[in-house]
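Chemist: Pasting the sequence and the predicted model now:
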Amino acid sequence: MSAIENLYGQAPALLTDLYQLTMAYAHWHNGTGEREAVFHLFFRSAPYANGFAIATGIQTAIDYITRMRFSDADIAYLATLTDNAGERLFAPGFLDYLADFAFSGEVHAVAEGTAVFPHQPMLRVRGPILEAQLLETALLNLINFPTLVATKAARIAHAAAPDPVLDFGLRKAQGIDGGVTAARAAYIGGCAATSNVLAGRLFGVPVSGTHAHGWVMAFDDELDAFEAYARALPNNCVFLVDTYNTVEGIENAIRAGGVLRERGYEMAGIRLDSGDLAQLARRARRRLDAAGFHETKIAASSSLDEAVVADLKARGAPIVLWGVGTKLTTAQPDAALDGVYKLAALKNDDGRWSYRMKMSDTPGKQTRPGVQQVRRFLDGQTPVADLLFDEAAPATAWAGGVAEHEQRFSADTPHIDLLQPAVAGGQRLNPAPALADSREHARAQFTLFAARPNYPALIDHYLDQSTDDLRDWLVSRHHTTS
């Protein structure tokens, strides 16, 4: 059973906006729903001014596409909806169609954890337009947020390297699913473990945690709290030392550590959760070393993000374990990924593609037509440039850029195509990779591309030309008919 079914009992078909269903009904009513279409899911701008994002949620989306079904309860609910005149919104025949619905098309997807750039598709969905359009809302929901969180996690893990980062964000997450999804995404992005036990069960993410301030406050004396915890869990003692006075808390941790050592155990660490973390960490390290606890680690939490972690490391703080919560799980400061799902081509009765694009006067919102693919050219195993091109075009320039910055390739230049077959005939083609493998892929991708802020993500000249030609034709048609 997939994780989405473990969490919800099914792949919920009603995880959609009403207008997806009204459009599907209109296609069904007019007999246009079987026309073959191509949609692309991509983002317009990278989060955090990062230049690229770590594609995440891909496997969850594939599970959803292949398992989405309307339950009897879903159909019964849709039968109660009415239009503005009080009439039934959906005809019984359409509800019968939904009762038997299963996606029958194909999906190409990037590997989870891949670095992708603005306007590069993470998913390409091809199939009957009614079916492909109906997936839009769910796919954006399943990919936008985890891609945002994974990119944030990768930035934090990169700043903290080689120290591990732990996801502590569940209590500040936007609801149950927000916390579970964020924990999976944070692990792919580079976190070593999560505090979220449900995510541990659903996804196999390592779980981590010791005690909170409430444990210490339940005792009349801080030292008693530490020693009581140590009696119960002698192999898992990371004492939180700032409940009352951090300096005193460090000393009480050392005393509790001494009792642990007498019993044959070692204090694993202490955690700082407030105050000047750099100063307190240096003081803690001196006191721990003086007391013979050279291997005891110092962990820190308290509103951490990549900037704070980088600053603390630059200041020489002897912190080697980072607990990151609110700013990771809520993806601060970016509220959402600017991801969209747009129609790019429709097949005519003669088998030829009819290209489609969205026009806009807003910079960045105009879309490109075609059946798009991203080719990542290589020098050995090292990427040298990306080229977005149209697989269905009669020719490809294998070149992009402008003026002296133009780059040219040949079709047989060593490369990988980022979009690979994932679903055919509505069925998953390959089992999902292990989450740890996606995490390692994401780590390698982020490390590589973070070191190359001017990496060329190019648009093929022929795709640019077909976009311009279609735009000009649409403008001309609009002016002619207006």
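Modeler: Ah, there it is.
Chemist: Test my guess that Ala256 contacts Cys237.
Modeler: Yes. Between Ala256 and Cys237 there is a contact under Cβ atoms under 8 Å: 7.4 Å. Quick note: C-beta positions are derived from backbone N, CA and C, even for glycine.
Chemist: Now list whatever residues contact both of these two.
Modeler: By Cβ atoms under 8 Å, 6 or more residues apart in numbering, Ala256 and Cys237 have these common neighbours: Phe226, Ala230, Met267.
Chemist: Now for the last one, how many residues are close by?
Modeler: When counting by other Cβ atoms under 10 Å, one arrives at 25 neighbours for Met267.
Chemist: Correct me if wrong: it contacts Arg255.
Modeler: No. Met267 lies out of contact with Arg255 (Cβ under 8 Å); the separation is 10.2 Å.
Chemist: Ramachandran angles for Tyr355?
Modeler: Dihedral angles of Tyr355 (phi, psi; degrees, to the nearest 10) stand at phi -80, psi 150.
Chemist: Run through the helices of the stretch 1-150 of the chain in chain order.
Modeler: 3-8, 18-30, 58-67, 72-78, 92-99, 129-134, 136-160 (DSSP state H, counting those that start in this stretch).
Chemist: Buried residues in the fifth one, which are they?
Modeler: Residues Phe94, Leu95, Tyr97, Leu98 are the ones in helix 92-99 that count as buried (16 or more other Cβ atoms under 10 Å).
Chemist: and the gap between the first one and Ala182?
Modeler: Spelled out, that is Phe94. Distance from Phe94 to Ala182, counting by Cβ to Cβ, to the nearest Å: 36 Å.
Chemist: Quick one: low-confidence residue ranges for the stretch 1-150 of the chain.
Modeler: 1 (pLDDT under 70).
Chemist: again, only this time at 80
Modeler: 1-9 (pLDDT under 80).
Chemist: for the record, mean pLDDT for stretch 385-404?
Modeler: On average, the pLDDT along stretch 385-404 is 88.
Chemist: and if you look at stretch 177-186?
Modeler: In the prediction, stretch 177-186 has an average pLDDT of 96.
Chemist: now do stretch 242-256
Modeler: Mean predicted confidence for stretch 242-256 is 98.
Chemist: Residue numbering should commence at 42 henceforth.
Modeler: Let's use 42 as the start, then, which means that last one is stretch 283-297.
Chemist: Would you mark the buried spots in it?
Modeler: Asp283, Thr284, Thr287, Gly290, Ile291, Glu292, Asn293, Ala294, Ile295, Ala297.
Chemist: Which ones among the residues you listed lie within helices?
Modeler: Of the buried residues of stretch 283-297, the ones assigned to helices by DSSP state H are Thr287, Gly290, Ile291, Glu292, Asn293, Ala294, Ile295, Ala297.
Chemist: sec struct for Pro462, please.
Modeler: Classification of Pro462 by DSSP: H, G, I helix; E, B strand; the rest coil places it in strand.
Chemist: Look up which residues are beta-bridged to it.
Modeler: His149 (DSSP bridges).
Chemist: For it, give me its contacts.
Modeler: Glu147, Val148, His149, Leu470 are the contacts of Pro462 under Cβ under 8 Å, 6+ apart.
Chemist: Weed out the non-buried ones from the residues you listed.
Modeler: Glu147, Val148, His149.
Chemist: Adding distance to Cys232, write those residues out as CSV.
Modeler: CSV is the format used below for the buried ones among the contacts of Pro462 (distance: Cβ to Cβ, whole Å):
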residue, distance to Cys232
Glu147, 33
Val148, 28
His149, 28
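Chemist: Which of those residues lies at the shortest distance from Ala87?
Modeler: His149 (21.4 Å; Cβ to Cβ).
Chemist: Determine how far stretch 307-319 lies from the middle of the whole chain.
Modeler: Its chain's C-alpha centre and that of stretch 307-319 lie 30 Å apart, by Cα atoms, centre = their mean, to the nearest Å.
Chemist: What ranges does the stretch 342-491 of the chain have for its helices?
Modeler: Going by DSSP H, counting those that start in this stretch, the stretch 342-491 of the chain shows helices at 347-355, 367-370, 476-491.
Chemist: winner for burial among those helices?
Modeler: helix 367-370 (a mean of 24; mean count of other Cβ atoms under 10 Å).
Chemist: pLDDT (mean, whole number) over that one?
Modeler: 96.
Chemist: I'd like to know which elements that helix is packed against.
Modeler: Under the contact definition 3 or more Cβ pairs under 8 Å, 6 or more residues apart in numbering; DSSP states H and E, helix 367-370 sits against helix 177-201, helix 216-230.
Chemist: what's next to it, contact-wise?
Modeler: Contacts for helix 367-370 (Cβ under 8 Å, 6+ apart): 190, 193-194, 197, 208, 210-211, 213-214, 219-220, 223-224, 227, 232, 344-346, 373.
Chemist: repeat that for 6 Å
Modeler: Lys193, Gly210, Lys213, Ala214, Ala223, Ala227, Asp346 (Cβ atoms under 6 Å, 6 or more residues apart in numbering).
Chemist: And the furthest pair within the residues you listed?
Modeler: Ala214 and Asp346 (15.7 Å).
Chemist: of those two, who's got more company?
Modeler: More neighbours surround Ala214 than the other of Ala214 and Asp346, with 22 against 19 (other Cβ under 10 Å).
Chemist: Now do the contacts for the nearest residue to the more buried one once chain neighbours are set aside.
Modeler: Once flanking residues are discounted, Ala214 sits nearest to Gly220: 3.5 Å by Cβ to Cβ, 6 or more residues apart in numbering. Going by Cβ under 6 Å, 6+ apart, Gly220 touches Leu211, Ala214, Asn237.
Chemist: would you turn these into JSON lines with pLDDT and secondary structure?
Modeler: Listed next are the contacts of Gly220 as JSON lines, based on pLDDT from 0 to 100; DSSP: H, G, I helix; E, B strand; the rest coil:
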{"residue": "Leu211", "pLDDT": "96", "secondary structure": "helix"}
{"residue": "Ala214", "pLDDT": "95", "secondary structure": "coil"}
{"residue": "Asn237", "pLDDT": "97", "secondary structure": "coil"}
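Chemist: I'd guessed Ser342 sits against Asp314; true?
Modeler: Yes. Look at Ser342 against Asp314 with Cβ atoms under 6 Å: they come within range, at 4.8 Å.
Chemist: so how far is Leu211 from the residue nearest to Met258 when sequence neighbours are not counted?
Modeler: Nearest residue to Met258 in three dimensions, chain neighbours excluded: Thr284, at 6.3 Å (Cβ to Cβ, 6+ apart). Taking Cβ to Cβ as the measure, Thr284 falls 21 Å from Leu211.
Chemist: and what of Asn47?
Modeler: 17 Å.
Chemist: Of these two, give the one with the bigger neighbour count.
Modeler: Taking other Cβ under 10 Å, Asn47 and Leu211 do not tie; Leu211 has more neighbours (20 against 13).
Chemist: Contact partners for that one?
Modeler: Gly220, Ser236, Asn237.
Chemist: One more: Thr123?
Modeler: So Thr123 contacts Leu130 (Cβ under 6 Å, 6+ apart).
Chemist: element containing Leu329?
Modeler: Applying DSSP states H and E as the criterion places Leu329 in helix 318-331.
Chemist: Does anything pack onto that helix? Which helices or strands?
Modeler: helix 287-303, strand 338-341 (3 or more Cβ pairs under 6 Å, 6 or more residues apart in numbering; DSSP states H and E).
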